[in-house]
Each structure stands twice: as C-alpha cells, then as structure tokens.
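[1] sharing a model prediction with you, sequence too.
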Amino acid sequence: RTVYLKEEVTDPNLPPPIPDYGPFAAVLDNERGNTEVGKGWALPITEIIPWKQVEEWNIVNLSADSHPIHIHQIKDHLVKRCDGEDPTECDDGDGVPGYETGWKDAVIAY
C-alpha cells in the first residue's frame, strides 16, 4: 500500500502561496497524481486494515518538509528509508538510524 504526503493550500480561495511562505496543510492521499485536495485528518476513513493483519506501507513524501506520520490504532516498524518518489525503484534504502528502530507510534516522513 502506498500513500503520498502532500502539501495543500489550506484555503482554495486564496492565491497560490509565495515560495517559502504558507499557508499549507500536510495531507495524505492514496493517489499520487490526484490534483484535488488530499485526504485530511477529518475526512472519513479510506484505508482499512483487517484485524491482526500485517501490511507494508510506503509513505512517499512529495512535500518540501519532513513531517511526522501517525496512523491511529496501529504501531509502526520502520523497515528502510529510500530516496526518491518511486518506492518500486528503491534499492536497500539508506538504512534506519538506531533511534528509529523498533515499534513506534509515529514515523518521520523526510
């Protein structure tokens, strides 16, 4: 399962933001090319994981910033980090620093 972290203008009636200024909101979306506003935290649930199922997720950060990712009701285990926007073309990644190993409540998307 792949989800994309994107930045969206918080008010669609505002003009496009000036680089290095806001307003932005970090949103997750399960479609890379989706040009509509991503799925914010207050929208209905779109991803359902079956009970006691283990899944591998790729979180691709398309934004200019790092951002913590916290998905409710699960624990994360960071397996690897990859550079680039296409998780299918990832090699062994950049490794996982010691402080990011083990089960977590949130991970940082760089």
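    That came through, no problem.
[2] pull out the buried residues from the lowest-mean-pLDDT helix or strand in the chain.
    Within the chain, judged by mean pLDDT, DSSP states H and E, the helix or strand with the poorest mean is strand 24-29; its value is a mean of 72. Neighbour counts over strand 24-29 (16 or more other Cβ atoms under 10 Å) mark Ala26, Val27, Leu28, Asp29 as buried. Backbone N, C-alpha and C define where each C-beta goes, glycine included.
[3] ok, the first one to Gly102 distance?
    When Cβ to Cβ, to the nearest Å is the yardstick, Ala26 and Gly102 sit 25 Å from each other.
[4] do the same with the third one
    Distance of Leu28 to Gly102, computed by Cβ to Cβ: 23 Å.
[5] what does the last one give?
    The gap separating Asp29 from Gly102 is 28 Å, by Cβ to Cβ.
[6] hmm, back to that, and of the buried residues of strand 24-29, the nearest to Val107?
    Distances from the buried residues of strand 24-29 to Val107 were compared by Cβ to Cβ; the smallest belongs to Leu28, at 12.6 Å.
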